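S.K.: Got a sequence here, can you model it:
(one chain, ligands or ions: 2)
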Amino acid sequence: MNNEGQNETNQVVAEALRPYGTSIFTEMSVLANAHGAVNLSQGFPDFDGPEAIRNKAAEAIKRGPNQYVLSYGIPALREALARKMERFYGISVDPETEITVTGGATEGLCATLLGILEPGDEVILLEPSYETYAPVSAMAGAKIRYVSLEGPEFALPKEKLAEAFNPRTKAIMINNPQNPCCKTFTREELSYIGELCIQYGAYAIGDEVYEHLVYDGREHATLLTIPELKDRCFVISSTAKTFSMTGWKIGYVIAAPALSRAVRMSHQFIIFCGQGPLQEAMAFAIDFPDGYYRELLADYTKKRNRLSDALASLGFQVFPTAGTYYLLVDIRSLGFDDDVSFCRMLTEKAGVAAIPCSCFWNNRSRGRELVRFCFCKKDETLDEAIKRLTAFLGN
Ligand code: PMP
Ligand code: GLN
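M.R.: Numbers count the residues shown, from 1 in each chain. Ligands and ions are numbered 1, 2, ... in the order given. Predicted coordinates:
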């Protein structure tokens, strides 16, 4: 589009959205496709989840009904989710009043933020911060306070966080495991946040979409098991990563009844309901035996190590991945210092796409040394990417 057209579009776009351009995931996948690059940018598997789940969905679609379902999700899925919370975390959740099925975690985030925020409220975001949180908070008229995780460990800066909380703080977002820095939060860190939430009457919103991708014997600490947060947290998750079906967009929000009511109030006016047949198939999937979840983790552990070793031997400084299906690298070890031009060059010239991480900071001069690669790909895809990177960077 020419500049004139672009300006016109900008005037149409709501003011709250104007600071945010096209999603980096759209941008990089489009660029990757245009150049026939191996796409290690946007995080989606290049394989589909288990055939048994797809058969269930196909059966449900053929059998019908294919009509609206209950706004907050079909009972079978909410009941399966309640069983899952008991099985993995030992907590009891009421499927009738505490679980809302949403259009992916993304709509769960929107429904939660739009369901609780008033104009002028403040939301605390920990940077680097996943791309949905800021624009949706802004759409609700909230003010955002950024607090950066610090150092190579992306540690929680407790004093700075405490200073960011104030009587206008309505919520803090906690992405655990964290995308893109691949950190997991400790129970101690979460309790600390919980105490601040109690002190200021704020809510904690946990984005836990990578809850089953936590490596090396670590245990996922869901906000719902942090005593301080039990009645003041919203936990958002998704079936996208766990069952390798990112395109199905089935997510959910778990929260105490009064909090769930706020989520349901906005969810009903955003999407009303999700897709019944796909929800039915996911209800079946969630009850898969523990072996399924163990195998998923074992497969991803091997993929993480495969790509991490290759990136390290190419000279990248690779950060350890405690959770998620991403690897973060520092490109300065190879003599580069601009993530955006590096990722563009890598896509166009090496034929491998990755995510420039400065987009996860409000101030884009931060994070320019960091690039994110995803490893949720077939081994042969990872090998092809490694081959191309070696040919390009090895010289
Ligand atoms: N939160 C984080 C941290 C993510 O990485 C993603 C991408 N999968 C989402 C939310 C969105 O999840 P969904 O595809 O279920 O909307
Ligand atoms: N969460 C995915 C990522 O971080 C992208 C999801 C999306 O494209 N919205 O790569």
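
S.K.: Can you name the residue of the protein that approaches ligand 1 most closely?
M.R.: G104 (2.6 Å; C-beta to the nearest ligand atom). Any C-beta I mention is one placed from the backbone N, CA and C, and that applies to glycine too.

S.K.: could I get the helix or strand harbouring N305 in PDB with only the CA atoms?
M.R.: Using DSSP states H and E, N305 sits in helix 290-313. In PDB, the C-alpha atoms belonging to helix 290-313 read as follows (Å, rounded to 0.1, in the frame of the first residue of the first chain):
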ATOM      1  CA  ASP A 290       0.400 -39.700  31.700                       C
ATOM      2  CA  GLY A 291       2.600 -41.400  29.100                       C
ATOM      3  CA  TYR A 292       1.400 -39.100  26.300                       C
ATOM      4  CA  TYR A 293       2.500 -36.000  28.300                       C
ATOM      5  CA  ARG A 294       5.800 -37.700  29.300                       C
ATOM      6  CA  GLU A 295       6.600 -38.600  25.600                       C
ATOM      7  CA  LEU A 296       5.800 -35.100  24.400                       C
ATOM      8  CA  LEU A 297       8.200 -33.700  26.900                       C
ATOM      9  CA  ALA A 298      10.900 -36.300  26.100                       C
ATOM     10  CA  ASP A 299      10.500 -35.500  22.300                       C
ATOM     11  CA  TYR A 300      10.800 -31.800  22.900                       C
ATOM     12  CA  THR A 301      13.800 -32.300  25.200                       C
ATOM     13  CA  LYS A 302      15.600 -34.000  22.400                       C
ATOM     14  CA  LYS A 303      14.600 -31.300  19.900                       C
ATOM     15  CA  ARG A 304      15.700 -28.600  22.300                       C
ATOM     16  CA  ASN A 305      19.100 -30.300  22.800                       C
ATOM     17  CA  ARG A 306      19.500 -30.900  19.100                       C
ATOM     18  CA  LEU A 307      19.000 -27.300  18.100                       C
ATOM     19  CA  SER A 308      20.700 -25.800  21.100                       C
ATOM     20  CA  ASP A 309      23.900 -27.800  20.500                       C
ATOM     21  CA  ALA A 310      23.900 -26.800  16.900                       C
ATOM     22  CA  LEU A 311      23.400 -23.100  17.600                       C
ATOM     23  CA  ALA A 312      26.100 -23.200  20.300                       C
ATOM     24  CA  SER A 313      28.600 -24.900  17.900                       C
END
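
S.K.: Please point out which parts of it sit buried.
M.R.: Using 16 or more other C-beta atoms under 10 Å as the test for burial, helix 290-313 gives Y292, Y293, L296, Y300, K303, R304, L307, S308, A310, L311.

S.K.: Now distance to C181 and pLDDT too, for the residues you listed, in TSV please.
M.R.: Shown next, in TSV, are the buried residues of helix 290-313 (distance: C-beta to C-beta, whole Å; pLDDT from 0 to 100):
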residue	distance to C181	pLDDT
Y292	27	98
Y293	24	98
L296	22	98
Y300	17	98
K303	19	98
R304	14	98
L307	16	98
S308	15	98
A310	20	98
L311	16	98
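
S.K.: Columns distance to ligand 2 on top of those residues, output as TSV?
M.R.: Listed next are the buried residues of helix 290-313 as TSV, based on distance: C-beta to the nearest ligand atom, whole Å:
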residue	distance to ligand 2
Y292	22
Y293	20
L296	17
Y300	15
K303	15
R304	15
L307	15
S308	18
A310	20
L311	17
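
S.K.: Among those, which pair sits farthest apart?
M.R.: Y292 and L311 (28.6 Å; C-beta to C-beta).

S.K.: Report pLDDT for the residue of the chain closest to ligand 1.
M.R.: Model confidence at G104, given as pLDDT, is 98.

S.K.: How about G108?
M.R.: 98.

S.K.: ok, now N10?
M.R.: Taking N10 on its own, its pLDDT is 73.

S.K.: contacting residues for it?
M.R.: Applying C-beta atoms under 8 Å, 6 or more residues apart in numbering, one finds that N10 lies in contact with R18.
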